[in-house]
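[1] structure here, sequence nowhere to be found:
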């Protein structure tokens, strides 16, 4: 009889995986001699009510040395859709090695090597410092401005926390804004206070260069949204504009644009006062800076209702663009959201699939575009990583969408005459069979529409990295760009 087998639920695939077990039926700790432990992998499909032995396809995780006994610990990482196994020696005479298994191809689960050197051409002030993901760009005339957050050097003190920087890279050479002899950030630490800044966004509005970012005091969970403008050779003249509601809120990340000469921001508000028995609610909100004061435009944009206690809305990615209308331009907002429901017996939280929406402000109220979600499948498709642009006078979105048993695909749709219309046929992934796509970026130059995304494939067998902190991958992440000319998609760069 099989005893103490490992049993996990792969929620993204809606399948159960059973691995191993002891032949004696008593424990999952197996002696080093052969025949004491099962090393097979089975998949149970509750929809088809079938068991499938995949051992011959995926192989088996094994210890990296002969030891007295081995205990196989197995878990599931829902974020990366990965089953993780640690054959752990009972004695201390062998190092531990993680093994990974996917039922479907997916993104890289680690780095290929811990020994690396920076790619040439990086804009970090110090090449050994870490920049955070998510830089932002804005241009005016011949100037191209880059905003990003970078960790400081060292291991102690306020200087190690991430700070926000802006550079002008329009000439091909990075120039700090302003251009001091010493590289300085927009967010100087107050005496005795450590400030962490991240998720910056830069834009030209009202003829000024603006930068906004999240800021967290190391001694508090409160996160506020700060902005500064650059004028007369300095950032904001020392003044910081803040969006920080009273109560328990975490504000950001945000995106900013110019709408009719007014700095306009869409931001997420993690409102910790709404849900008391479940995940905290993320609402999507819009504010404009008028005469030096931020004012919200209407209420939160979320489509699902906010219910205290058991139901909460979680907003994921956000995007904003001006409709460029006359005489008064107004904003379009795109975002993805899903809901979480607290369930008892057993206690857990169930989630709906993520939906992508677009709303437009007409000067007095927000209107939902095209009647509802823009998903390819509103019932099963999980939308993430939305971006937004105006094309031929229509709000146009790009995003990734994934259904159970498949992988994230890049789609582009315009809201035309009240109907969501897919631009081109199918999805944009370069590898149409196994490409795993990430967050999209969408921009239009008036006559053409450009979409950029990252894509990667990965093997599906049990695999082990060189050590417990790395992961082998069958493909690196690549960045792709395609252009839509109104009738045909063409991939740029070969």
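    Arrived safely. Remember, predicted model here, so these are calculated numbers, not experimental data.

[2] from now on I want contacts and neighbour counts done on CA atoms only, so please keep to that.
    Noted.

[3] now do the contacts for residue 426.
    residue 411 (CA atoms under 8 Å, 6 or more residues apart in numbering).

[4] do residue 5 as well
    18-22, 28.

[5] bridging residues for the residue nearest to it when sequence neighbours are not counted?
    Take residue 5 and drop its neighbours on the chain: the residue closest to it by CA to CA, 6 or more residues apart in numbering is residue 21, 3.8 Å away. Beta-bridge pairing for residue 21 (DSSP bridges): residue 38.

[6] what's the helix or strand for residue 57?
    Using DSSP states H and E, the secondary-structure element containing residue 57 is helix 55-58.

[7] let's test this: mean pLDDT of that helix, rounded?
    What helix 55-58 shows for mean pLDDT is 83.

[8] any idea how far residue 254 is from residue 374?
    22 Å (CA to CA, to the nearest Å).

[9] neighbour count winner among the two?
    Neighbours per residue, other CA atoms under 10 Å: of residue 254 and residue 374, the larger number sits with residue 374, 27 against 24.

[10] mind telling me what element the residue lying closest to the more buried one once chain neighbours are set aside is part of?
    Counting by CA to CA, 6+ apart, residue 374 lies nearest to residue 356, which is 5.6 Å off, once chain neighbours are set aside. For residue 356, the host element (DSSP H and E) is strand 355-361.

[11] helices and strands around that strand, which ones?
    Applying 3 or more CA pairs under 8 Å, 6 or more residues apart in numbering; DSSP states H and E, we find strand 355-361 packed against strand 331-343, strand 366-368, strand 382-391.

[12] out of these, which is closest to residue 412?
    When the helices and strands packed on strand 355-361 are compared by CA to CA, strand 382-391 sits nearest residue 412, at 9.5 Å.

[13] that closest one packs against which elements?
    By 3+ CA pairs under 8 Å, 6+ apart, strand 382-391 packs against strand 311-322, strand 331-343, strand 355-361, strand 394-402, strand 436-444.

[14] that one pairs with which strands?
    Paired strands of strand 382-391, with direction, are strand 394-402 (antiparallel) (DSSP bridges).

[15] before we move on, the earlier item: residues contacting the strand holding residue 356, please?
    Residues outside strand 355-361 that contact it (CA under 8 Å, 6+ apart): 301, 330-338, 366-369, 372-375, 378, 381-384, 386.

[16] show me what the helix holding residue 57 packs onto, helices and strands only.
    strand 37-45.

[17] can you flag the buried ones in the contacts of strand 355-361?
    301, 330-338, 366, 368-369, 372-375, 381-384, 386 (16 or more other CA atoms under 10 Å).

[18] any idea how many residues pack against residue 364?
    Residue 364: 8 neighbours (other CA under 10 Å).

[19] which SS class is it?
    coil (DSSP: H, G, I helix; E, B strand; the rest coil).

[20] could we number from 31 for the rest of this?
    Let's use 31 as the start, then, which means that last one is residue 394.

[21] list the contacts of it.
    No contacts exist for residue 394 under CA under 8 Å, 6+ apart.

[22] that one and residue 361: what is the separation?
    Distance check for residue 394 against residue 361: by CA to CA, it reads 12 Å.

[23] now swap in residue 81 and tell me
    For residue 81 relative to residue 361 (CA to CA), the value is 52 Å.

[24] find me the pLDDT at residue 206, would you?
    With respect to pLDDT, residue 206 scores 68.

[25] same question, residue 335
    For residue 335, pLDDT reads 78.

[26] looks like residue 425 contacts residue 448 (just checking).
    No. In this structure residue 425 lies outside contact range of residue 448 using CA atoms under 8 Å: 10.9 Å.

[27] show me which of these two is the more surrounded one.
    Taking neighbours as other CA under 10 Å, residue 425 and residue 448 compare with residue 425 leading, 24 against 11.

[28] how much space between the more buried one and residue 354?
    Applying CA to CA to residue 425 and residue 354 gives a distance of 11 Å.

[29] which residues touch the residue lying closest to residue 515 once chain neighbours are set aside?
    Leaving aside its sequence neighbours, residue 515 sits nearest to residue 478 (CA to CA, 6+ apart; 4.9 Å). Each residue near residue 478 by CA under 8 Å, 6+ apart is listed here: 421, 513-516.

[30] try 10 Å this time
    By CA atoms under 10 Å, 6 or more residues apart in numbering, the residues touching residue 478 are 421-422, 513-516.

[31] ok, residue 422 next?
    Contacts of residue 422 (CA under 10 Å, 6+ apart): 444, 446, 474, 476-479, 516.

[32] which residues of the stretch 231-380 of the chain fall in strands?
    238-247, 253-261, 264-265, 271-273, 279-289, 292-301, 311-320, 323-326, 341-352, 361-373, 378-381 (DSSP state E, counting those that start in this stretch).

[33] need those strands in TSV with distance to residue 112 and mean pLDDT, can you?
    Listed next are those as TSV, based on distance: least, CA to CA, whole Å; pLDDT from 0 to 100:
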stretch	distance to residue 112	mean pLDDT
strand 238-247	31	81
strand 253-261	31	81
strand 264-265	45	76
strand 271-273	38	71
strand 279-289	27	88
strand 292-301	28	89
strand 311-320	26	89
strand 323-326	41	88
strand 341-352	21	84
strand 361-373	22	87
strand 378-381	19	73
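
[34] relative to residue 520, how far out is residue 507?
    For residue 507, the distance to residue 520 - CA to CA - is 20 Å.

[35] the more surrounded of those two?
    The residue with more neighbours, out of residue 507 and residue 520, is residue 507; 17 against 12, by other CA under 10 Å.
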